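*Asks:* Need the 3D shape of this:
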Amino acid sequence: MGLTAAEAEMYRLLIVAEAASAEEIAGRSNLGVPAARRLLLALEDKGLASAVEDSPDWYSAIPPETALVPRLQRQSDALEQTRAAVHDLVETYRRSAQAWSGCDAIEIISGAAALRQHLRQLQDGARHEMLWFVKARFLAMPPESNQEEYDALSRGVLYRALYEQEYFDDPGAVDNVVAGVRVGEISRAVPRLPLRMAIADRSVAVLPLNSADAPGALAASRRRWCGGAACWTRSSTCSSTTGRSVPRCG
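*Replies:* Sure thing, here's the model as predicted:
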(Lines give C-alpha, C1' and ligand atoms only; values in the text may rest on other atoms or scores of the structure.)
Protein backbone atom coordinates (compact mmCIF):
# COMPACT_ATOMS: atom_id res chain seq x y z
CA MET A 1 0.00 0.00 0.00
CA GLY A 2 3.03 2.28 -0.17
CA LEU A 3 3.58 2.50 3.60
CA THR A 4 6.64 1.61 5.58
CA ALA A 5 6.20 -0.73 8.54
CA ALA A 6 6.58 2.22 10.94
CA GLU A 7 3.98 4.27 9.04
CA ALA A 8 1.53 1.36 9.03
CA GLU A 9 1.90 0.95 12.79
CA MET A 10 1.46 4.68 13.32
CA TYR A 11 -1.73 4.57 11.24
CA ARG A 12 -3.06 1.75 13.42
CA LEU A 13 -2.27 3.71 16.57
CA LEU A 14 -3.96 6.79 15.17
CA ILE A 15 -7.09 4.80 14.27
CA VAL A 16 -7.31 3.42 17.82
CA ALA A 17 -6.74 6.86 19.35
CA GLU A 18 -9.09 8.61 16.86
CA ALA A 19 -6.94 11.72 17.30
CA ALA A 20 -3.55 12.24 18.89
CA SER A 21 -0.50 14.45 19.03
CA ALA A 22 3.09 13.37 18.61
CA GLU A 23 3.51 13.55 22.38
CA GLU A 24 0.53 11.28 23.01
CA ILE A 25 1.65 8.78 20.37
CA ALA A 26 5.11 8.73 21.90
CA GLY A 27 3.56 7.95 25.27
CA ARG A 28 1.67 4.98 23.80
CA SER A 29 4.67 3.55 21.97
CA ASN A 30 8.42 3.26 22.15
CA LEU A 31 8.83 6.16 19.72
CA GLY A 32 10.38 9.45 20.61
CA VAL A 33 8.41 12.63 20.03
CA PRO A 34 10.46 13.75 16.98
CA ALA A 35 10.05 10.33 15.34
CA ALA A 36 6.31 10.30 16.06
CA ARG A 37 5.96 13.78 14.59
CA ARG A 38 7.80 12.74 11.39
CA LEU A 39 5.52 9.72 10.99
CA LEU A 40 2.38 11.79 11.49
CA LEU A 41 3.55 14.25 8.84
CA ALA A 42 4.33 11.33 6.51
CA LEU A 43 0.80 9.98 6.97
CA GLU A 44 -0.60 13.41 6.23
CA ASP A 45 1.46 13.61 3.03
CA LYS A 46 0.15 10.19 1.96
CA GLY A 47 -3.47 11.08 2.63
CA LEU A 48 -3.95 8.86 5.68
CA ALA A 49 -4.12 11.56 8.36
CA SER A 50 -5.30 15.14 8.65
CA ALA A 51 -4.59 17.93 11.09
CA VAL A 52 -7.32 18.51 13.69
CA GLU A 53 -8.88 21.94 13.31
CA ASP A 54 -8.21 24.30 16.24
CA SER A 55 -5.85 21.73 17.83
CA PRO A 56 -2.27 22.44 16.74
CA ASP A 57 -0.04 19.36 16.34
CA TRP A 58 -3.01 16.99 16.67
CA TYR A 59 -3.93 14.59 13.89
CA SER A 60 -6.82 12.26 13.18
CA ALA A 61 -6.85 9.20 10.92
CA ILE A 62 -8.59 9.32 7.56
CA PRO A 63 -11.02 6.34 7.57
CA PRO A 64 -9.57 3.25 5.83
CA GLU A 65 -12.54 2.99 3.47
CA THR A 66 -11.66 6.46 2.22
CA ALA A 67 -7.88 6.31 2.37
CA LEU A 68 -7.07 2.70 1.54
CA VAL A 69 -9.91 0.91 -0.26
CA PRO A 70 -9.74 3.04 -3.45
CA ARG A 71 -5.96 2.68 -3.47
CA LEU A 72 -6.29 -1.08 -3.07
CA GLN A 73 -8.74 -1.22 -5.99
CA ARG A 74 -6.35 0.74 -8.20
CA GLN A 75 -3.54 -1.65 -7.34
CA SER A 76 -5.81 -4.61 -8.04
CA ASP A 77 -6.70 -3.17 -11.44
CA ALA A 78 -3.02 -2.57 -12.20
CA LEU A 79 -2.19 -6.14 -11.16
CA GLU A 80 -4.84 -7.52 -13.51
CA GLN A 81 -3.41 -5.45 -16.35
CA THR A 82 0.08 -6.71 -15.54
CA ARG A 83 -1.17 -10.31 -15.39
CA ALA A 84 -2.80 -9.92 -18.80
CA ALA A 85 0.40 -8.42 -20.23
CA VAL A 86 2.50 -11.29 -18.84
CA HIS A 87 0.04 -13.81 -20.26
CA ASP A 88 0.37 -12.16 -23.68
CA LEU A 89 4.16 -12.36 -23.39
CA VAL A 90 3.97 -16.05 -22.49
CA GLU A 91 1.80 -16.76 -25.51
CA THR A 92 4.09 -14.71 -27.75
CA TYR A 93 7.12 -16.59 -26.43
CA ARG A 94 5.46 -19.95 -27.02
CA ARG A 95 4.57 -19.01 -30.58
CA SER A 96 8.02 -17.69 -31.43
CA ALA A 97 10.26 -20.10 -29.49
CA GLN A 98 11.98 -22.78 -31.49
CA ALA A 99 10.58 -26.14 -30.42
CA TRP A 100 12.75 -29.21 -30.08
CA SER A 101 11.66 -32.06 -32.37
CA GLY A 102 8.56 -30.07 -33.24
CA CYS A 103 7.20 -30.36 -29.68
CA ASP A 104 6.16 -27.09 -28.04
CA ALA A 105 6.54 -28.70 -24.62
CA ILE A 106 10.33 -28.42 -24.92
CA GLU A 107 12.53 -25.42 -24.31
CA ILE A 108 16.24 -25.55 -25.05
CA ILE A 109 18.47 -23.96 -22.41
CA SER A 110 21.93 -22.94 -23.63
CA GLY A 111 24.80 -22.02 -21.32
CA ALA A 112 25.53 -22.36 -17.63
CA ALA A 113 24.18 -18.90 -16.73
CA ALA A 114 20.82 -19.57 -18.40
CA LEU A 115 20.63 -22.99 -16.77
CA ARG A 116 21.38 -21.50 -13.36
CA GLN A 117 18.62 -18.91 -13.83
CA HIS A 118 16.12 -21.59 -14.88
CA LEU A 119 16.94 -23.74 -11.86
CA ARG A 120 16.41 -20.78 -9.55
CA GLN A 121 13.11 -19.88 -11.20
CA LEU A 122 12.04 -23.53 -11.10
CA GLN A 123 12.48 -23.57 -7.32
CA ASP A 124 10.98 -20.13 -6.78
CA GLY A 125 7.86 -21.27 -8.62
CA ALA A 126 7.52 -24.63 -6.85
CA ARG A 127 4.43 -24.87 -4.65
CA HIS A 128 4.44 -28.44 -3.37
CA GLU A 129 7.50 -30.53 -4.23
CA MET A 130 10.99 -30.51 -5.72
CA LEU A 131 12.63 -33.75 -6.87
CA TRP A 132 16.35 -33.95 -7.68
CA PHE A 133 18.85 -36.34 -9.23
CA VAL A 134 22.21 -34.95 -8.04
CA LYS A 135 25.43 -36.10 -9.69
CA ALA A 136 29.00 -35.17 -8.88
CA ARG A 137 30.71 -32.05 -10.24
CA PHE A 138 27.98 -29.43 -10.65
CA LEU A 139 27.51 -27.78 -14.04
CA ALA A 140 25.90 -24.44 -13.33
CA MET A 141 24.91 -23.93 -9.69
CA PRO A 142 27.31 -24.63 -6.80
CA PRO A 143 25.27 -26.47 -4.12
CA GLU A 144 26.30 -24.01 -1.41
CA SER A 145 24.83 -21.13 -3.45
CA ASN A 146 21.35 -22.65 -3.76
CA GLN A 147 19.54 -20.28 -1.38
CA GLU A 148 16.33 -20.95 -3.32
CA GLU A 149 16.11 -24.40 -1.71
CA TYR A 150 16.09 -22.95 1.79
CA ASP A 151 13.52 -20.34 0.79
CA ALA A 152 11.27 -23.02 -0.71
CA LEU A 153 11.63 -25.30 2.32
CA SER A 154 10.68 -22.42 4.60
CA ARG A 155 7.39 -21.95 2.72
CA GLY A 156 6.54 -25.65 2.94
CA VAL A 157 7.84 -27.12 -0.33
CA LEU A 158 8.91 -30.77 0.06
CA TYR A 159 12.44 -31.51 -1.19
CA ARG A 160 13.41 -35.07 -2.08
CA ALA A 161 16.88 -35.72 -3.47
CA LEU A 162 18.81 -38.75 -4.73
CA TYR A 163 22.58 -38.24 -4.56
CA GLU A 164 25.04 -40.25 -6.60
CA GLN A 165 27.71 -41.76 -4.35
CA GLU A 166 30.49 -39.98 -6.21
CA TYR A 167 28.89 -36.65 -5.33
CA PHE A 168 30.11 -36.96 -1.76
CA ASP A 169 33.72 -36.81 -2.98
CA ASP A 170 33.19 -33.16 -3.99
CA PRO A 171 34.57 -30.62 -1.48
CA GLY A 172 31.91 -29.57 1.02
CA ALA A 173 29.31 -31.98 -0.39
CA VAL A 174 28.62 -33.77 2.89
CA ASP A 175 28.20 -30.48 4.76
CA ASN A 176 25.78 -29.20 2.09
CA VAL A 177 23.61 -32.31 2.34
CA VAL A 178 23.62 -32.22 6.13
CA ALA A 179 22.57 -28.55 6.07
CA GLY A 180 19.67 -29.39 3.77
CA VAL A 181 18.55 -32.36 5.85
CA ARG A 182 18.53 -30.25 8.99
CA VAL A 183 15.95 -27.92 7.47
CA GLY A 184 13.74 -30.63 5.98
CA GLU A 185 15.27 -32.10 2.82
CA ILE A 186 14.70 -35.85 2.41
CA SER A 187 17.93 -37.31 1.04
CA ARG A 188 19.06 -40.72 -0.16
CA ALA A 189 22.29 -41.97 -1.76
CA VAL A 190 22.56 -44.45 -4.62
CA PRO A 191 25.66 -45.93 -6.29
CA ARG A 192 25.02 -44.26 -9.62
CA LEU A 193 22.44 -42.04 -11.33
CA PRO A 194 21.74 -42.10 -15.07
CA LEU A 195 21.46 -38.33 -15.44
CA ARG A 196 20.98 -35.01 -13.68
CA MET A 197 17.39 -33.93 -13.25
CA ALA A 198 15.18 -31.48 -11.34
CA ILE A 199 11.38 -31.71 -11.30
CA ALA A 200 9.04 -29.11 -9.82
CA ASP A 201 5.53 -30.14 -8.76
CA ARG A 202 5.75 -33.10 -11.18
CA SER A 203 4.93 -30.75 -14.05
CA VAL A 204 8.18 -29.02 -15.07
CA ALA A 205 11.52 -30.81 -15.40
CA VAL A 206 15.07 -29.83 -16.36
CA LEU A 207 17.47 -32.51 -17.62
CA PRO A 208 20.33 -32.90 -20.11
CA LEU A 209 19.70 -33.63 -23.75
CA ASN A 210 22.83 -35.75 -23.99
CA SER A 211 24.69 -38.13 -21.74
CA ALA A 212 27.68 -35.80 -21.53
CA ASP A 213 25.75 -33.43 -19.23
CA ALA A 214 26.88 -30.48 -21.30
CA PRO A 215 25.57 -27.21 -19.82
CA GLY A 216 24.83 -25.92 -23.33
CA ALA A 217 22.30 -28.64 -24.12
CA LEU A 218 19.53 -28.99 -21.60
CA ALA A 219 15.77 -29.04 -21.95
CA ALA A 220 12.80 -28.10 -19.81
CA SER A 221 9.55 -29.95 -20.37
CA ARG A 222 6.38 -28.24 -19.22
CA ARG A 223 4.28 -31.36 -18.88
CA ARG A 224 5.39 -34.94 -18.15
CA TRP A 225 8.41 -37.18 -18.69
CA CYS A 226 8.22 -40.71 -20.11
CA GLY A 227 11.32 -42.75 -19.36
CA GLY A 228 14.24 -40.96 -20.96
CA ALA A 229 12.10 -38.85 -23.27
CA ALA A 230 10.86 -35.33 -22.91
CA CYS A 231 7.24 -35.22 -23.99
CA TRP A 232 3.96 -33.38 -23.72
CA THR A 233 1.27 -35.97 -23.03
CA ARG A 234 -1.69 -34.94 -25.18
CA SER A 235 -3.26 -38.43 -24.98
CA SER A 236 -2.67 -41.75 -23.25
CA THR A 237 0.62 -42.30 -25.10
CA CYS A 238 3.58 -40.24 -26.21
CA SER A 239 6.66 -40.77 -28.33
CA SER A 240 10.00 -41.71 -26.82
CA THR A 241 13.43 -40.86 -28.17
CA THR A 242 13.44 -44.22 -29.94
CA GLY A 243 10.29 -43.35 -31.89
CA ARG A 244 8.13 -45.91 -30.10
CA SER A 245 5.00 -45.15 -28.10
CA VAL A 246 5.29 -45.50 -24.34
CA PRO A 247 2.57 -45.41 -21.64
CA ARG A 248 1.50 -42.21 -20.01
CA CYS A 249 3.74 -41.38 -17.06
CA GLY A 250 2.39 -41.05 -13.53
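*Asks:* Could you tell me the end-to-end distance of stretch 182-201?
*Replies:* Counting by C-alpha to C-alpha, to the nearest Å, you get 22 Å between the two ends of stretch 182-201.
*Asks:* Quick one: mean pLDDT for that stretch?
*Replies:* Across stretch 182-201, pLDDT averages out at 92.
*Asks:* nearest spatial neighbour of A205, skipping sequence neighbours?
*Replies:* Spatial nearest neighbour of A205, chain neighbours left out: I199 (4.4 Å); criterion: C-beta to C-beta, 6 or more residues apart in numbering. Every C-beta, even on glycine, is put in place using the N, C-alpha and C of the backbone.
*Asks:* need the contact list for the one you found.
*Replies:* Counting by C-beta atoms under 8 Å, 6 or more residues apart in numbering, I199 makes contact with 130-132, 205-206, 225.
*Asks:* Would you give the sheet partners of whatever helix or strand it lives in, along with the direction of each?
*Replies:* Secondary structure assignment for I199, by DSSP states H and E: strand 197-200. Paired with strand 197-200 in the same sheet, following DSSP bridges, are strand 129-134 (antiparallel), strand 204-208 (antiparallel).
*Asks:* Go through those and find the least confident stretch.
*Replies:* Looking at these, the bottom one is strand 204-208 with a mean of 85.
*Asks:* Would you mind measuring from the nearest residue to D124 once chain neighbours are set aside to R155?
*Replies:* Nearest residue to D124 in three dimensions, chain neighbours excluded: E148, at 5.9 Å (C-beta to C-beta, 6+ apart). E148 sits at a distance of 11 Å from R155 (criterion: C-beta to C-beta, to the nearest Å).
*Asks:* swap in L31?
*Replies:* L31 is 32 Å from R155, by C-beta to C-beta.
*Asks:* Pick out whichever of the two has more residues nearby.
*Replies:* L31 (19 against 8; other C-beta atoms under 10 Å).
*Asks:* Any idea how many residues pack against the nearest residue to that one once chain neighbours are set aside?
*Replies:* Nearest non-adjacent residue to L31, counting by C-beta to C-beta, 6+ apart: I25, 6.5 Å away. Residues lying near I25 (other C-beta under 10 Å) number 21.
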